[in-house]
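Visitor: after the sequence you'll find the predicted model.
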Amino acid sequence: ASNAAAAAGIAARTHARRPSSGASMMELAHQVHPVAAELVAAAAQGLRSAGADAGGGGGDEGDEPMYDFRVCRETWFLKVLTSASEKYRQEKGTPLPRNKARLYEMAVEAEFGTVSQEVANLRGLISRVAYLNMQHQRRQFDMGHVREALGSDLKARYDRIAAKASWVELSRGGLIPFVKVIVIPRAAGMHADDDGRDDIEVEDLIFQFKNRGVQEFLAAQVLVRELKVEPAAVKMWSLANDEVKGSILDTSFYEHMLSLLGEMQHTPKELFPTSTFSNNSLSRVGVERLATMHTTFPHLTVLDLSNNLHLNSLKDISGFKWCHTLRDLRLRNCVNLTGTLEDIVGRTSDGSDHISGDVGD
């Protein structure tokens with residue numbers, strides 16, 4: 001009974017946070033913040049304004065830089081802004097998010113709302129499900145996967161039994177935060193109860209996160225937390241093995257999650273604690289993703305791509321010109337490389353080169 005009451009409370013808050021169907025996105029944005037309306041308009045028109053033009057990008061640690069318009073490039077921005085709008089309404093003067101990771105963080109906080117124990121239980125389970133979904137490269141999942149998530153979270157700081165009960169209760173009404181029911185097999189999964197109403201068999205339901213970006217963000221948060229608690233047990237990312245990192249960087253399924261990890265403050269330091277990376281088989285796309293991870297909060301100081309046969313142009317490494325921490329770039333025996341060092345060497349404020357290294361043969 002207590003679990004049902006907790007689930008009912010979460011469901012009530014979920015309904016309360018949903019915008020009315022009569023309000024357009026633009027009207028909602030005007031209620032939230034005058035600048036938010038401009039962002040919605042920019043996103044709707046598909047504008048790709050440079051982050052520098054909007055004053056976006058880095059800043060001193062702890063500062064909240066101005067909004068980076070690059071987050072308008074994806075259509076999901078419109079949906080996530082709706083979830084984040086509650087925080088804007090409640091806390092006047094709340095700064096607009098500087099990047100996608102911060103936007104998702106605000107959306108998650110707005111959706112889960114109060115820090116009650118029942119919400120913490122459900123949030124812990126949802127996050128764990130997202131993490132395992134990313135680890136196994138899946139979008140759709142069922143109750144078997146939910147139980148797998150509970151069973152794998154041996155050091156959970158939430159009540160796993162209560163979390164499962166809330167999940168089951170909320171799934172009957174499709175009210176699990178950020179999760180939707182996409183398959184309800186009517187023939188085998190529903191039957192009429194004593195009141196003549198259809199009763200859903202939860203075991204037959206197929207779930208999916210409403211927004212893949214939310215799954216990726218929640219998984220990114222869990223990944224960083226797991227690396228802090230027991231790094232040797234983490235299968236998705238290895239702190240000690242750059243070949244494992246390389247396989248993740250080369251997998252397209254993880255592209256957006258890697259981008260989010262790069263935008264989460266302090267995270268690059270957690271993922272690359274030695275500030276070095278060495279891999280001779282990373283693809284051109286993998287190198288680009290590695291560079292993206294070190295654009296907002298750069299951390300790498302040594303990058304060794306020697307003996308790599310996949311890189312064809314020094315322009316493939318050009319993303320690292322924005323990684324101001326990089327001091328040593330090694331490209332020995334990359335026999336297919338063409339181009340000039342000007343393609344990859346950035347400039348510091350005094351005009352001097354900030355990358356030195358060994359290009360070799």
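Guide: Good, I have the coordinates. The structure displayed is predicted, hence computed values, not measured ones.
Visitor: how about the helices of the stretch 101-250 of the chain, start to end?
Guide: In the stretch 101-250 of the chain, the segments counted as helices under DSSP state H, counting those that start in this stretch are 117-135, 143-152, 160-171, 186-189, 212-229, 242-249.
Visitor: buried residues in the last one?
Guide: I take that to be helix 242-249. Across helix 242-249, burial judged by 16 or more other Cβ atoms under 10 Å covers 242, 244, 245, 246, 247, 248, 249. Bear in mind the C-beta positions are built from the backbone N, C-alpha and C, glycine included.
Visitor: with distance to residue 279 added, can I get those residues in TSV?
Guide: What follows is the buried residues of helix 242-249, written out as TSV (distance: Cβ to Cβ, whole Å):
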residue	distance to residue 279
242	5
244	10
245	7
246	4
247	10
248	11
249	8
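Visitor: what's the closest of those residues to residue 235?
Guide: residue 244 (8.8 Å; Cβ to Cβ).
Visitor: so what's the residue nearest to that closest one when sequence neighbours are not counted scoring on pLDDT?
Guide: Excluding the flanking residues, the one nearest residue 244 by Cβ to Cβ, 6 or more residues apart in numbering is residue 238, at 3.8 Å. At residue 238, the pLDDT value in this model is 90.
Visitor: quick check: residue 238 vs residue 248, distance?
Guide: From residue 238 over to residue 248 the distance is 9 Å, taken as Cβ to Cβ, to the nearest Å.
Visitor: now do residue 173
Guide: From residue 173 to residue 248 the distance is 36 Å (Cβ to Cβ).
Visitor: need the pLDDT of the nearest residue to residue 123 once chain neighbours are set aside.
Guide: Take residue 123 and drop its neighbours on the chain: the residue closest to it by Cβ to Cβ, 6+ apart is residue 112, 5.3 Å away. On the pLDDT scale, residue 112 is placed at 81.
Visitor: adding pLDDT and distance to residue 320, write the buried residues of helix 242-249 out as JSON lines.
Guide: Shown next, in JSON lines, are these (pLDDT from 0 to 100; distance: Cβ to Cβ, whole Å):
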{"residue": "242", "pLDDT": "94", "distance to residue 320": "16"}
{"residue": "244", "pLDDT": "93", "distance to residue 320": "21"}
{"residue": "245", "pLDDT": "95", "distance to residue 320": "16"}
{"residue": "246", "pLDDT": "95", "distance to residue 320": "16"}
{"residue": "247", "pLDDT": "94", "distance to residue 320": "20"}
{"residue": "248", "pLDDT": "95", "distance to residue 320": "18"}
{"residue": "249", "pLDDT": "96", "distance to residue 320": "14"}
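Visitor: from those, pick the one nearest residue 130.
Guide: Using Cβ to Cβ, the buried residues of helix 242-249 come closest to residue 130 at residue 248, 16.2 Å.
Visitor: mind listing what the closest one touches?
Guide: If a contact means Cβ atoms under 8 Å, 6 or more residues apart in numbering, then residue 248 has 236, 237, 254, 258 as its contacts.
Visitor: turn those into JSON lines, columns for distance to residue 167 and neighbour count.
Guide: Formatted as JSON lines, the contacts of residue 248 follow (distance: Cβ to Cβ, whole Å; neighbours: other Cβ atoms under 10 Å):
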{"residue": "236", "distance to residue 167": "23", "neighbour count": "18"}
{"residue": "237", "distance to residue 167": "27", "neighbour count": "20"}
{"residue": "254", "distance to residue 167": "26", "neighbour count": "22"}
{"residue": "258", "distance to residue 167": "28", "neighbour count": "20"}
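Visitor: which ones among those residues are found in strands?
Guide: Per DSSP state E, strands hold no members of the contacts of residue 248.
Visitor: out of these, which comes closest to residue 129?
Guide: Nearest member of those to residue 129, counting by Cβ to Cβ, is residue 236, at 14.3 Å.
Visitor: which residues touch that closest one?
Guide: Contacts of residue 236 by Cβ under 8 Å, 6+ apart are 131, 134, 135, 223, 248.
Visitor: how close does the nearest residue to the first one once chain neighbours are set aside sit to residue 98?
Guide: Right, the one you point to is residue 131. Nearest residue to residue 131, sequence neighbours excluded (Cβ to Cβ, 6+ apart): residue 222, at 3.9 Å. According to Cβ to Cβ, residue 222 and residue 98 sit 22 Å apart.
Visitor: cool, residue 284 as well?
Guide: 28 Å.
Visitor: which of the two has more neighbours?
Guide: Of the pair residue 284 and residue 98, residue 98 is the one with more neighbours under other Cβ atoms under 10 Å, namely 24 against 15.
Visitor: state the pLDDT value of residue 334.
Guide: At residue 334, pLDDT is 90.
Visitor: tell me, how many residues neighbour it?
Guide: Count around residue 334 with other Cβ under 10 Å applied: 22.
Visitor: same question, residue 302
Guide: Neighbours around residue 302, by other Cβ under 10 Å: 17.
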